[in-house]
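**Q** What follows is a predicted protein model with its sequence.
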Amino acid sequence: MKAIAVRPGTPDSVHLVEIPKPSIQTIDNGRGVLVKVLRVGVDGTDKEINNAEYGAPPPGDDFLVIGHEGFGVVEEVGDNVHELKPGDYVVATVRRPGNSIYDLIGTSDMTTDDIYYERGINLRHGFLSEYYVDDADFIVKIPKGLKNVGVLLEPMTVVQKGIHQAYEIQRRLKVWKPKRAAVLGAGTIGLLAALVLRLRGLEVVAFGKTVKPYLNSDLLEEIGAEYVSTAETPLLDHAAENGAFDIIFEATGYSPIVFEAMQAVAKNGVLILSSVTGGNRVVEVPADKINLEFVLGNKVMVGTVNANREYFESGANDMAAAVLEYGEWLSKLLTHPVKGLENYEQLFEVLTNGKDVIKAYCEVATEAKAAIN
Ligand code: BGC
Ligand code: ZN
């Protein structure tokens with residue numbers, strides 16, 4: 001079968017490989033699931049892996065099949081799989097367990113191991129292939145009504161984890177009732193964070209660089225969020241004028257904004273950091289002021305990466321709620337489909353240079369084809 005791979009360590013090495021179709025027999029506890037891949041989303045992580053900034057092949061291979069935002073349909077299940085059946089729509093989680101105590105209790109997203117295993121990213125092949133096999137423990141069923149937007153679930157889980165953890169932390173306050181939220185960054189993660197916060201009934205102000213109107217600001221306004229361009233109103237000016245935020249979700253990929261965000265969190269508020277910033281930027285900050293306000297305001301800042309199964313389940317629930325509340329909104333995020341694994345060059349061209357891209361994804365197969373196969 002065909003798959004899209006890179007040679008880790010070699011920049012711009014994305015290419016097509018021919019590899020054997022996997023079998024459920026490779027999972028020896030009878031919990032194997034064979035998934036026919038329908039769609040796979042791509043994001044900055046794939047770009048950075050193709051730039052050879054990180055990423056490693058599975059032991060024994062010199063290539064890494066990429067793709068961690070998978071969506072597919074079950075074709076075959078092992079004898080001990082009772083929760084899934086052929087025809088079910090599914091999304092697989094990304095990280096696989098290591099050895100820390102957090103891995104042992106099913107929360108590998110909280111691993112303290114130095115080495116982590118992530119499908120399509122580090123030491124495990126990903127989903128940009130015609131099929132994949134995995135243990136049913138890592139495969140989450142998606143309601144049929146979400147099949148057109150199921151490819152958005154993996155990015156959605158990153159948002160779910162951040163927001164759930166923030167609420168979990170805020171149970172310290174006994175009576176916390178957040179009203180105002182800020183989302184920094186209006187890309188895929190920012191849009192999904194704004195959605196989840198709106199579904200929780202918060203007032204949401206989303207900050208982006210681009211001056212409105214453009215597709216992303218229109219989409220934010222459609223769900224009742226306010227859009228502010230930092231080119232016109234910097235975050236701290238906005239907060240000084242309109243008040244600080246009970247929750248801030250940072251998803252810009254630009255680390256200096258974090259120190260501004262620390263000054264825009266309200267007393268008892270929480271700042272969620274989700275940008276994976278691989279560079280080495282240095283900035284000067286008003287350290288005493290930031291520290292003092294954090295201490296006197298009992299504020300919290302939390303980092304979040306990856307997501308475990310629980311967030312795939314809650315993410316699917318929130319996506320269902322979004323369809324009920326906002327209709328077709330989620331599908332408007334699917335801006336740039338590219339048909340066929342063989343068009344990997346076009347997929348990366350769109351991802352790197354595409355105009356007005358919210359989500360670029362590979363249409364690996366259509367369902368009709370999946371049914372015949
Ligand atoms: C993925 C996460 C992953 C992280 C770090 C992100 O792009 O969505 O699942 O944990 O990269 O590798
Ligand atoms: Zn990602």
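**A** In hand now; what should we look at? Ligands and ions are numbered 1, 2, ... in the order given.
**Q** What distance do you get for the residue of the chain most remote from its centre to ligand 2?
**A** Summary for the chain: using C-alpha atoms, centre = their mean, the residue whose C-alpha lies farthest from the chain's mean C-alpha position is residue 288, with a distance of 33.9 Å. According to C-beta to the ion, to the nearest Å, residue 288 and ligand 2 sit 36 Å apart. Where C-beta positions appear, they are placed from N, C-alpha and C, glycine not excepted.
**Q** Can you tell me the SS state at that residue?
**A** Of the three states, residue 288 takes helix under DSSP: H, G, I helix; E, B strand; the rest coil.
**Q** and the residue of the stretch 1-150 of the chain found nearest ligand 1, what does it touch?
**A** Across the stretch 1-150 of the chain, the shortest distance to ligand 1 (C-beta to the nearest ligand atom) belongs to residue 45, at 3.3 Å. Residues in contact with residue 45 (C-beta atoms under 8 Å, 6 or more residues apart in numbering) are 68, 121, 276.
**Q** 10 Å instead, please
**A** For residue 45, the contacting residues are 53-55, 66, 68-69, 94, 118, 120-121, 276, taking C-beta atoms under 10 Å, 6 or more residues apart in numbering as the criterion.
**Q** What subset of those is buried?
**A** Burial by neighbour count, 16 or more other C-beta atoms under 10 Å: within the contacts of residue 45 this picks out 55, 66, 68-69, 94, 118, 120-121.
**Q** among the residues you listed, which are in reach of ligand 1?
**A** Restricting the buried ones among the contacts of residue 45 to those within reach of ligand 1 (C-beta under 6 Å from any ligand atom) leaves 68, 94, 118, 121.
**Q** Out of the contacts of residue 45, name the ones that lie in strands.
**A** The subset of these located in strands under the criterion DSSP state E comprises 69, 118.
**Q** Tabulate the contacts of residue 45 (a markdown table), appending pLDDT and distance to residue 131.
**A** Rendered in a markdown table, the data for these read as follows (pLDDT from 0 to 100; distance: C-beta to C-beta, whole Å):
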| residue | pLDDT | distance to residue 131 |
| --- | --- | --- |
| 53 | 95 | 28 |
| 54 | 95 | 26 |
| 55 | 97 | 21 |
| 66 | 98 | 15 |
| 68 | 98 | 16 |
| 69 | 98 | 16 |
| 94 | 98 | 17 |
| 118 | 98 | 19 |
| 120 | 98 | 14 |
| 121 | 98 | 19 |
| 276 | 95 | 28 |
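**Q** Which positions within the helix or strand encompassing the residue of the stretch 1-150 of the chain closest to ligand 1 qualify as buried?
**A** Following DSSP states H and E, the helix or strand that holds residue 45 is helix 44-50. For helix 44-50, the buried set under the neighbour-count rule, 16+ other C-beta under 10 Å, comprises 45-46, 49-50.
**Q** Between those residues, which sits nearest residue 338?
**A** Taking C-beta to C-beta as the measure, residue 338 lies nearest residue 46 of the buried residues of helix 44-50, at 12.5 Å.
**Q** Excluding chain neighbours, what is closest to the closest one?
**A** Nearest-residue entry for residue 46: residue 66, 5.5 Å, with adjacent residues in sequence omitted and distances by C-beta to C-beta, 6 or more residues apart in numbering.
**Q** Could you measure from the spatially closest residue to residue 157 that is not a sequence neighbour over to residue 185?
**A** What sits nearest to residue 157 in space, not counting adjacent residues and going by C-beta to C-beta, 6+ apart, is residue 307, at 3.6 Å. Taken as C-beta to C-beta, to the nearest Å, the spacing of residue 307 relative to residue 185 amounts to 18 Å.
**Q** Between these two, which is the more surrounded one?
**A** Neighbour comparison, residue 307 and residue 185: the larger count goes to residue 307, with 27 against 24 (by other C-beta atoms under 10 Å).
**Q** In a helix, the more buried one, correct?
**A** No: using three-state DSSP, the assignment for residue 307 is coil, not a helix.
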